[in-house]
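1. Generate coordinates for the sequence data below:
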Amino acid sequence: MLRFLTDDDQRLLLEKARRLTYSPGEVIIAEGSTQQALYLVHAGHVRVERERLGAPTAVTRLGPGELFGEMAFVEERGASASVVADGTVEVDVVDGSHVHALLMSVPGLAARFFQSLAVTLSNRLRETSEKARG
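-> Sure thing, here's the model as predicted:
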């Protein structure tokens, strides 16, 4: 999940999560949509896609333990890409208001949370850059 979170941090984040199941091809997040939530893949895989020239183009594939929705959460903007179920997938959805409340009330959580997000986003940027080089 998020690398620098303690077991207690993870438990607190997930205790109010909703586990949702999506069917193959079902859109979980549509590019441009606004939502304030974090999504954690519990089982299965999702495809992250961006629309290019009117057609979806795969950016990456995420599996169990991986997070998505974090960019829209941090930026408080529309989703930068669509996320689509790549087969049957179970996702834990953590409402943004719950995350914000925890970040304000649990000492040290905000630092661990944002450090984890920074590393996650940096790794994704590095992977995308390497793919672009071919």
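
2. What ranges does the chain have for its helices?
-> 7-14, 70-75, 96-105, 109-133 (DSSP state H).

3. pLDDT weak spots in this structure?
-> Filtered on pLDDT under 70, the chain yields the residue ranges 134.

4. what's the neighbour count on residue 102?
-> Other residues lying near residue 102 total 18 when counted by other C-beta atoms under 10 Å. Any C-beta I mention is one placed from the backbone N, CA and C, and that applies to glycine too.

5. cool, the one 4 residues further on as well?
-> Counted with other C-beta under 10 Å, the neighbours of residue 106 add up to 16.

6. got the contact list for it?
-> Going by C-beta atoms under 8 Å, 6 or more residues apart in numbering, residue 106 touches 9, 12.

7. Next, give phi and psi for it.
-> Dihedral pair for residue 106: phi -100, psi 110, per degrees, to the nearest 10.

8. Of all the helices of the chain, which one is nearest residue 59?
-> Smallest distance to residue 59 across the helices of the chain (C-beta to C-beta): 7.0 Å, for helix 109-133.

9. For that closest one, list every residue counted as buried.
-> Residues of helix 109-133 classed as buried by neighbour count (16 or more other C-beta atoms under 10 Å): 109, 112-113, 116-117, 120, 124.

10. any chance of those in a markdown table, with distance to residue 33 too?
-> Formatted as a markdown table, the buried residues of helix 109-133 follow (distance: C-beta to C-beta, whole Å):
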| residue | distance to residue 33 |
| --- | --- |
| 109 | 27 |
| 112 | 28 |
| 113 | 23 |
| 116 | 24 |
| 117 | 20 |
| 120 | 21 |
| 124 | 19 |
